[in-house]
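Chemist: Fold the stuff below for me.
(one chain, ligands or ions: 1)
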Amino acid sequence: MGLLDSIKEPRDLRQLRREQLPQLAREIRDRILDVVSTRGGHLGSSLGATELTIALHYVFNTPDDKIVWDTGHQTYGHKLLTGRKDRFDTIRQMNGLSGFLKRDESIYDTFGAGHASTAISAALGMAVARDQKKLDNKVVAIVSDGCITGGMSFEGLQNAGHVGSDLLVVLNDNEMFISNRVGALGAFLTKLMTGGLAKKLEHEVEKFLKRIQFYGAGLLRVAKRMRVLLFPGMLFEELGFSYFGPVDGHDVDKLVEVLENIKTLKGPVLLHIITKKGKGYDFAEKDPYTWHGPGKFDVQTGTMVKAAPAAPAYQKVFGQTLVKLAKEDPRIVAISAAMPEGTGTDLFRKEIPSRFYDVGLAEEHAVTFAAGMACEGLRPVAAIYSTFLQRGFDQMEHDVGLQKLPVVFCLDRAGLVGEDGPTHHGVFDFAYTRIIPNFVVMAPADENELQHMLKTALAHNMPSVIRYPRGPGEGVPLDHEFKTLPIGKGVVLKSGQEVYLLAIGSMVHPCLKAAALIENAGIPCGVVNMRFVKPIDVTLLKELRKQTENFVTVEEHVLAGGFGSAVMEALEGTDSRIHRIGIPDKFIDHGPQNVLRDLVGLSPEKIAQSTLEFLKHKRPTLQAVS
Ligand SMILES: Cc1ncc(C[n+]2csc(CCOP(=O)(O)OP(=O)(O)O)c2C)c(N)n1
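Modeler: Below you'll find the predicted structure:
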């Protein structure tokens with residue numbers, strides 16, 4: 001029986017001898033590789049955080065002591081040590097463990113996560129709650145060097161320094177985001193590690209810690225001052241933290257020793273550890289980007305199991321189109337928030353590097369940064385996942401919409417994203433964008449229409465949003481010449497006297513299939529590709545109202561405030577019967593994209609079924625009042 005098998009809960013881990021911990025780390029890595037190689041998932045970050053995970057649960061009295069991970073994509077080891085080992089092979093599968101952190105899933109998941117940069121703020125909140133309740137548990141936030149670039153991390157750090165509660169922040173520095181590290185903070189961290197500082201610092205830390213063990217708090221104050229003298233201007237010290245590090249994050253014995261020593265320190269403390277993304281798996285160490293979140297692969301050879309070639313992904317078509325348009329228009333610049341490969345803007349980075357900006361995990365900044373560029377005549381295109389742009393709502397309203405600035409927002413991963421689950425589903429964007437005056441909001445039916453919409457948005461001298469789904473397109477032929485589409489105009493794809501399916505974006509093709517099923521049932525059914533949620537094509541809707549009173553809106557978005565709501569607003573007072581199909585008012589779990597779509601009623605079959613059901617219930621005829 002291996003060591004991992006003997007651990008049901010972290011208290012079992014705490015029974016192990018320190019010299020057994022490296023063996024446990026090996027077993028955890030093997031287990032992660034076994035499961036991720038057959039299911040896909042986040043790999044490199046979890047492998048890199050293995051020793052840290054062990055050391056934290058070994059030193060701290062979890063779950064009474066609170067460990068708050070940022071984002072959660074690095075917590076596979078944490079899941080294995082906290083009672084979820086037996087279900088670990090269900091990770092990211094339908095009804096299985098989440099790939100991120102979920103309070104419902106485990107008492108050890110102290111704070112739900114999936115979006116980045118929340119850990120410091122949440123942990124500080126827990127530390128303050130502890131103080132209010134006069135308890136003495138410890139609180140630890142774990143932030144990686146990518147997540148610390150998000151504005152909220154800085155807000156949390158500066159507030160923690162001000163509040164002064166006991167709080168440990170571990171900065172897990174692997175010099176990588178998903179993509180390559182960007183930004184000045186990274187350069188600062190590198191400076192801390194290089195130029196001989198690291199060795200010297202580590203030595204100083206050791207000496208210092210040994211001394212405080214014997215002499216206590218009085219010396220600590222003096223020593224802290226010495227450290228500031230030794231390293232003047234150190235960012236974290238200036239923010240009110242006692243800084244320790246850098247420490248080798250793969251030396252589990254050293255990590256345990258350092259954590260034991262600093263866990264009793266008062267006030268905010270920052271421990272800077274250095275790790276390697278993908279540690280322990282050669283292929284992942286050499287190519288941390290590819291192995292950040294691989295699909296299935298062969299562990300021995302590192303060969304990825306490739307899925308059958310599908311249609312080109314929306315992201316790819318988007319990237320290619322943007323590059324083509326930018327080559328003709330020097331005003332076009334591209335912005336990504338730490339997701340160049342994910343959004344397809346990596347092509348722009350390669351082809352036109354001088355006009356590409358990766359701002360780090362800083363969506364709010366990305367929006368206002370784009371607004372500033374637009375003020376000066378540039379045409380910024382910000383490609384950001386729909387779910388992450390939620391961070392930038394105020395900036396879209398106040399900095400872009402109000403000032404009528406021509407920024408183009410390309411909202412990638414809109415709709416249900418699949419295995420990443422509720423933290424990543426992009427199902428709120430129609431609602432949060434269409435309420436902002438001056439915005440145009442559109443969604444392409446397929447990858448070809450995406451090309452034309454990008455051209456349209458760039459030709460329009462006002463703010464605009466294009467939202468499109470994750471993954472492969474519909475496999476339609478791609479036009480080589482891009483057209484400017486008439487703003488706010490839908491297209492009737494098929495007419496039908498009994499009912500019209502009003503479809504937007506990813507729902508256009510499923511609606512065409514649904515209409516065929518409805519016609520099989522003998523009901524003439526029309527389909528409209530509405531293209532625009534704002535401005536919505538009121539003229540067309542009123543024209544269609546002359547043919548029928550029955551309308552069914554279909555959107556891969558929550559029903560509240562979405563496209564269907566926009567149609568209802570447009571048809572207000574026309575005495576129409578409107579049935580809305582979309583995502584209900586609840587968070588949708590993780591699972592395969594198509595299964596989830598079917599589950600919420602967005603497959604062609606379910607759309608047809610729901611439409612037929614709607615048509616069965618005719619408007620009650622008014623009884624004459626006697
Ligand atoms: C608000 C937000 N923006 C973007 C992302 C996508 N994302 C997840 S992890 C990550 C970067 C990870 O880098 P780092 O924090 O250094 O962790 P590592 O994987 O290197 O351990 C990004 C960009 C996110 N989860 N949340």
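Chemist: okay, now the domains of the protein?
Modeler: Under the assignment automatic domain parsing, the domains of the chain span 4-181+235-286, 194-231, 314-467, 491-616.
Chemist: what about Lys277, helix or strand, and which?
Modeler: For Lys277, there is no enclosing helix or strand under DSSP states H and E.
Chemist: interface residues of the chain facing the ligand?
Modeler: With the criterion set to C-beta under 6 Å from any ligand atom, the chain comes near the ligand through 45, 48, 71, 73-74, 115-116, 144-147, 174, 176-178, 277, 338-339, 361, 363, 388, 391. Every residue, glycine included, has its C-beta placed from N, CA and C.
Chemist: Generate a ChimeraX selection restricted to the buried entries among these.
Modeler: Burial among these is assessed by 16 or more other C-beta atoms under 10 Å; the matching ChimeraX selection reads:
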select :45,48,71,73,74,115,116,144,145,146,147,174,176,177,178,277,338,339,361,363,388,391
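Chemist: Output the domains of the chain in JSON lines; the columns should cover mean pLDDT and distance to Glu481.
Modeler: Supplementary listing: these in JSON lines, determined by pLDDT from 0 to 100; distance: least, C-beta to C-beta, whole Å:
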{"stretch": "domain 4-181+235-286", "mean pLDDT": "95", "distance to Glu481": "32"}
{"stretch": "domain 194-231", "mean pLDDT": "51", "distance to Glu481": "51"}
{"stretch": "domain 314-467", "mean pLDDT": "98", "distance to Glu481": "9"}
{"stretch": "domain 491-616", "mean pLDDT": "97", "distance to Glu481": "18"}
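Chemist: Quick one: closest of the ones you listed to Gly302.
Modeler: For these, distance to Gly302 was read as C-beta to C-beta. The smallest value, 3.6 Å, belongs to domain 4-181+235-286.
Chemist: Now the terminal residues of the closest one, how far apart.
Modeler: Between the opening and closing residues of domain 4-181+235-286 we find a distance of 27 Å, counting by C-alpha to C-alpha, to the nearest Å.
Chemist: Just the CA atoms of stretch 429-441, as PDB, please.
Modeler: Provided in PDB are the C-alpha atoms of stretch 429-441 (Å, rounded to 0.1, in the frame of the first residue of the first chain):
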ATOM      1  CA  ASP A 429     -22.900  38.700 -21.700                       C
ATOM      2  CA  PHE A 430     -26.000  39.700 -23.700                       C
ATOM      3  CA  ALA A 431     -27.500  40.900 -20.400                       C
ATOM      4  CA  TYR A 432     -24.400  42.800 -19.300                       C
ATOM      5  CA  THR A 433     -23.600  44.400 -22.600                       C
ATOM      6  CA  ARG A 434     -27.000  45.200 -24.200                       C
ATOM      7  CA  ILE A 435     -28.000  47.400 -21.300                       C
ATOM      8  CA  ILE A 436     -25.100  49.800 -22.000                       C
ATOM      9  CA  PRO A 437     -26.200  52.700 -24.300                       C
ATOM     10  CA  ASN A 438     -24.200  53.200 -27.500                       C
ATOM     11  CA  PHE A 439     -23.100  49.600 -27.800                       C
ATOM     12  CA  VAL A 440     -23.800  47.300 -30.700                       C
ATOM     13  CA  VAL A 441     -24.100  43.700 -29.700                       C
END
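Chemist: what residues does that stretch touch?
Modeler: Contact partners of stretch 429-441, identified using C-beta atoms under 8 Å, 6 or more residues apart in numbering, comprise 386, 389-390, 393, 396-397, 400-402, 404, 409, 411, 414, 443, 457, 460, 462-465, 467, 487-488, 504, 532-535, 555, 557-558, 560-563, 565-566.
Chemist: Filter the residues of the chain next to the ligand down to just the ones in strands.
Modeler: Of the positions in the residues of the chain next to the ligand, Ser144 sit in strands, assigned by DSSP state E.
Chemist: Look at Ser576 and say how many residues are nearby.
Modeler: Residue crowding around Ser576 was assessed by other C-beta atoms under 10 Å; the count is 19.
Chemist: For the stretch 51-200 of the chain, which residue gets nearest to the ligand?
Modeler: Of the stretch 51-200 of the chain, the residue with the smallest distance to the ligand, taken as C-beta to the nearest ligand atom, is Gly146 at 2.5 Å.
Chemist: excluding its backbone neighbours, what's nearest Ser242?
Modeler: Val269 (4.8 Å; C-beta to C-beta, 6 or more residues apart in numbering).
Chemist: any idea how far Ala123 lies from Ile67?
Modeler: 9 Å (C-beta to C-beta, to the nearest Å).
Chemist: Give me the common contacts of these two.
Modeler: Shared contacts of Ala123 and Ile67, counting by C-beta under 8 Å, 6+ apart, come down to Val140.
Chemist: pretty sure Lys296 is touching Thr38, no?
Modeler: Yes: here Lys296 lies in contact with Thr38, judged by C-beta atoms under 8 Å, at a distance of 6.0 Å.
Chemist: Just the ones in helices from the residues of the chain next to the ligand, please.
Modeler: When DSSP state H defines the helices, the subset of the residues of the chain next to the ligand inside them is Ser45, Gly48, Glu363, Phe388.
Chemist: Can you verify my assumption that the second one contacts Glu175?
Modeler: No: contact between Gly48 and Glu175 fails when scored by C-beta under 8 Å: they sit 10.5 Å apart.
Chemist: Common neighbours of those two, please.
Modeler: When contacts are counted by C-beta under 8 Å, 6+ apart, Gly48 and Glu175 have Lys277 as shared neighbours.
Chemist: what's next to stretch 13-24, contact-wise?
Modeler: Outside stretch 13-24, the residues touching it (C-beta under 8 Å, 6+ apart) are Leu3, Leu4, Ile7, Glu51, Ile54, Ala55, His57, Tyr58, Leu81, Val252, Asp253, Val256.
Chemist: chain center to stretch 371-382, what's the gap?
Modeler: How far stretch 371-382 lies from its chain's middle: 24 Å, per C-alpha atoms, centre = their mean, to the nearest Å.
Chemist: so how far is the first residue of that stretch from its last?
Modeler: One end of stretch 371-382 to the other measures 10 Å (C-alpha to C-alpha).
Chemist: what does that stretch rub up against?
Modeler: Residues external to stretch 371-382 that are found in contact with it (C-beta under 8 Å, 6+ apart): 322, 329, 331-337, 366-367, 369-370, 395, 399-400, 403, 405-410, 454, 458.
Chemist: Any of those residues buried? List them.
Modeler: When neighbours are counted using 16+ other C-beta under 10 Å, the contacts of stretch 371-382 contain these buried positions: 322, 332-337, 366-367, 369-370, 395, 399-400, 405-410, 454, 458.
Chemist: Narrow the residues you listed to those in strands?
Modeler: Among those, the residues falling in strands (DSSP E) are Ile332, Val333, Ala334, Ile335, Ser336, Val408, Phe409, Cys410.
Chemist: and which of these is nearest to Asn137?
Modeler: Ser336 (39.3 Å).
Chemist: For that closest one, name its beta-bridge partners.
Modeler: Here Ser336 sits in beta bridges with Asp358, Ala383, as judged by DSSP bridges.
Chemist: what are the ranges of the strands in the stretch 51-200 of the chain?
Modeler: In the stretch 51-200 of the chain, the segments counted as strands under DSSP state E, counting those that start in this stretch are 66-69, 139-144, 167-173.
Chemist: mind listing what the last one pairs with, with the direction of each?
Modeler: Just to be clear, that refers to strand 167-173. In the sheet, strand 167-173 lines up against strand 139-144 (parallel), strand 268-274 (parallel) (DSSP bridges).
Chemist: Having no further points to raise, I will conclude here.
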